[in-house]
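S.K.: Predicted model and sequence follow; I will ask about them next.
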Amino acid sequence: MDPSVVDALRSAEGRALLTDATAHDNDAHGRAAAGDARAIDPLKAASSLRRAHPGANPSLVSAALSQVRMRRRARPRLGDIVDSLLMTDDGSEQATRTVAAELRAVRYLGSGATHVADLGCGIGLDSIAFARMGLTVTAVESDPLTAALAAANVEELGLADRVRVIVGDVTDDTVLATVLASADAVFVDPARRDPASRNEGRSARVTDPESWSPRWSWVAGVAARVPRTAAKVAPGMPHELTPVGGCATWTSVDGDLVEAEFAWPAMDSAGNNSVRRRALIVRKGEPTSLTSTIDLLDQAPPPVGDIGSWLLEPDDAVIRSGLVSDLAALLGGRLLDPRVAYITTDTDPGPSPLAAHFRVELALPLHIGRLRDALRERGVGRVVIKKRAIGQDPDDIRRVLALPPGPHTAVVLITRIGDDPWAFVCDIR
């Protein structure tokens with residue numbers, strides 16, 4: 001795919017191909033859901049589109065089919081906005097989830113930003129979110145194809161008056177100086193995949209921040225020039241790389257940990273640079289946050305004690321942000337082991353997006369035979385197994401248990417307390 005294909009897809013012919021390819025794809029997946037195992041067939045889809053558009057360039061037909069395939073795959077993460085987007089596989093993989101981009105735009109607006117330099121804009125999802133929040137955006141992308149896609153997406157959504165897309169290398173001093181001259185805020189989403197290295201068809205992840213493009217030390221240099229700066233990073237980013245006085249935010253969406261953002265102090269909308277760590281949990285579009293004003297290394301040890309009547313499994317954003325102790329304090333709970341992210345309470349904590357909670361029916365040292373007997377005595381024939389800090393695979397444990405059919409289901413949480421493995425049978429229904 002090259003920039004000329006982007007223009008072709010946006011032509012009247014390209015739009016007609018996309019419309020018909022989408023209709024065929026929707027029909028095929030509908031029939032597949034109804035039990036037709038042969039409904040989804042790429043060759044049939046291509047043949048159908050060529051018959052409907054006999055004069056179309058075969059490469060344009062192929063490009064339209066590829067866009068429809070990528071839109072379907074991206075829809076769970078990006079939502080219905082995908083119907084207005086053009087993308088590549090790699091661009092779709094790194095694109096910010098729509099709800100995460102929207103919440104970030106709220107933070108930028110709250111910080112007092114008016115003009116954001118989006119350095120490494122990809123296919124434009126963050127730029128679009130900034131513009132929809134009323135901010136002016138200068139978006140820079142080094143890859144000509146990706147920049148063409150970003151520009152097309154911005155224009156398709158009616159935001160071209162707010163977003164200017166530039167093809168350029170942001171690490172070039174001249175390009176960077178030109179872009180920063182009019183911006184009062186910066187957002188950076190470093191490329192964290194290596195297109196030259198593939199893993200199961202996808203570009204391989206790059207874990208070393210100094211091997212990202214641009215590298216992390218370069219991002220810090222930009223923040224020294226424009227204090228109102230934040231960067232999207234991998235969720236595994238070490239806490240010690242949090243900017244001095246800044247805030248690290250981990251975001252999960254409907255149970256999936258999707259990103260982290262490290263922000264410099266001027267991004268604090270309260271103006272007092274107080275929040276150091278934030279877990280942002282989005283469930284069904286509704287955000288909930290848990291924060292701390294204390295750096296992770298300065299945090300007091302969590303309370304530890306015996307099992308209570310309830311066990312809680314914190315959301316991954318809470319765990320990654322190091323806020324398990326804060327959640328335990330909020331709920332009046334304690335940990336079973338200071339190294340394991342399970343919280344126990346004596347009273348029902350009630351439903352919360354911050355953690356799943358389970359009623360404890362039985363606690364016993366982990367022994368497969370004893371666990372099997374306990375489950376059989378209670379008529380449990382099906383189990384959901386969850387585990388932390390223990391090596392056994394849940395599927396292997398389920399197979400070894402070999403439970404006979406029974407009328408009830410249960411959740412079994414397996415973990416270590418000290419050096420000893422324990423099992424907790426919960427929520428028998």
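M.R.: Done, it's in.
S.K.: going forward, measure contacts between C-alpha atoms and count neighbours the same way
M.R.: Will do.
S.K.: Residue 299 and residue 279: what is the separation?
M.R.: Distance of residue 299 to residue 279, given as Cα to Cα, to the nearest Å: 16 Å.
S.K.: cool, and residue 324?
M.R.: Distance, residue 324 to residue 279, using Cα to Cα: 10 Å.
S.K.: ditto for residue 343
M.R.: For residue 343, the distance to residue 279 - Cα to Cα - is 17 Å.
S.K.: Spit out the residues that contact residue 324 and residue 279 alike.
M.R.: residue 318 (Cα atoms under 8 Å, 6 or more residues apart in numbering).
S.K.: coming back round to it: neighbour count: residue 299 and residue 279, which is higher?
M.R.: residue 279 (26 against 14; other Cα atoms under 10 Å).
S.K.: Which element, helix or strand, includes the more buried one?
M.R.: Residue 279 belongs to strand 277-283 when assigned by DSSP states H and E.
S.K.: List the buried residues in that strand.
M.R.: 277, 278, 279, 280, 281, 282 (16 or more other Cα atoms under 10 Å).
S.K.: List the neighbouring strands of it plus their orientation.
M.R.: strand 247-253 (parallel), strand 286-292 (antiparallel) (DSSP bridges).
S.K.: Return the most buried member of these.
M.R.: strand 247-253 (a mean of 25; mean count of other Cα atoms under 10 Å).
S.K.: Show the subsequent helix or strand relative to it.
M.R.: Assigned by DSSP H and E, the successor of strand 247-253 is strand 256-263.
S.K.: what residues does that next one touch?
M.R.: Identification of contacts with strand 256-263 by Cα under 8 Å, 6+ apart yields 97, 229-235, 237, 242-243, 246-252, 316-317.
S.K.: mean confidence for it?
M.R.: Across strand 256-263, the average pLDDT comes to 95.
S.K.: what do you get for stretch 234-244?
M.R.: The model assigns stretch 234-244 a mean pLDDT of 91.
S.K.: how far does that stretch stretch from start to finish?
M.R.: 19 Å.
S.K.: So which bits of it are buried?
M.R.: Buried residues in stretch 234-244, counted by 16+ other Cα under 10 Å: 234, 235, 237, 239, 242, 243.
S.K.: same thing with stretch 374-384?
M.R.: Neighbour-count burial for stretch 374-384, counted by 16+ other Cα under 10 Å, picks out 375, 376, 379, 380, 381, 382, 383.
S.K.: any idea how far it is from the chain center?
M.R.: Averaging C-alpha positions (Cα atoms, centre = their mean, to the nearest Å) puts stretch 374-384 35 Å from its chain's average.
S.K.: Same question for stretch 318-337.
M.R.: Stretch 318-337 has its C-alpha centroid displaced from the chain centroid by 22 Å (Cα atoms, centre = their mean).
S.K.: Return the set of buried residues in that stretch.
M.R.: Result for stretch 318-337 [16+ other Cα under 10 Å]: buried residues 318-328, 331, 333-337.
S.K.: Could you tell me the end-to-end distance of it?
M.R.: 17 Å.
S.K.: what packs against the strand or helix carrying residue 140?
M.R.: Taking DSSP H and E as the criterion, residue 140 maps to strand 136-141. If contacts are counted by 3 or more Cα pairs under 8 Å, 6 or more residues apart in numbering; DSSP states H and E, strand 136-141 sits against strand 115-119, helix 125-132, strand 163-167.
S.K.: As a markdown table, those with distance to residue 264 would be great.
M.R.: Shown next, in a markdown table, are these (distance: least, Cα to Cα, whole Å):
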| stretch | distance to residue 264 |
| --- | --- |
| strand 115-119 | 15 |
| helix 125-132 | 18 |
| strand 163-167 | 24 |
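S.K.: who wins for proximity to residue 396 among those?
M.R.: Smallest distance to residue 396 across those (Cα to Cα): 40.7 Å, for helix 125-132.
S.K.: Quick one: distance of that closest one to the chain centre.
M.R.: 17 Å.
S.K.: Could you pull up the mean pLDDT of that helix?
M.R.: Mean predicted confidence for helix 125-132 is 98.
S.K.: Which stretches in the stretch 201-350 of the chain count as strands?
M.R.: Shown for the stretch 201-350 of the chain, the strands assigned by DSSP state E, counting those that start in this stretch span residues 202-205, 229-233, 247-253, 256-263, 277-283, 286-292, 310-314, 334-335, 343-345.
S.K.: so which of those strands gets nearest residue 136?
M.R.: Closest among the strands of the stretch 201-350 of the chain, using Cα to Cα: strand 229-233, at 15.2 Å.
S.K.: Kindly spell out which helices and strands sit in contact with the closest one.
M.R.: Strand 229-233 packs on strand 185-188, helix 216-225, strand 256-263, going by 3+ Cα pairs under 8 Å, 6+ apart.
S.K.: Name the residues of the last one that are buried.
M.R.: Buried residues in strand 256-263, defined by neighbour count with 16+ other Cα under 10 Å: 257, 258, 259, 260, 261, 262, 263.
S.K.: about what we covered before: got the angle for the strand holding residue 279 vs strand 256-263?
M.R.: 140 degrees (axes from the mean of the first three to the mean of the last three Cα atoms, to 10 degrees).
S.K.: Kindly export strand 277-283 (C-alpha atoms) in PDB.
M.R.: Backbone C-alpha positions of strand 277-283 (Å, rounded to 0.1, in the frame of the first residue of the first chain) are rendered in PDB as follows:
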ATOM      1  CA  ARG A 277       0.300   7.400  40.300                       C
ATOM      2  CA  ARG A 278      -3.100   6.800  38.800                       C
ATOM      3  CA  ALA A 279      -5.100   3.700  37.800                       C
ATOM      4  CA  LEU A 280      -7.800   4.600  35.300                       C
ATOM      5  CA  ILE A 281     -10.400   1.900  34.800                       C
ATOM      6  CA  VAL A 282     -13.000   2.100  32.100                       C
ATOM      7  CA  ARG A 283     -16.000  -0.200  32.200                       C
END
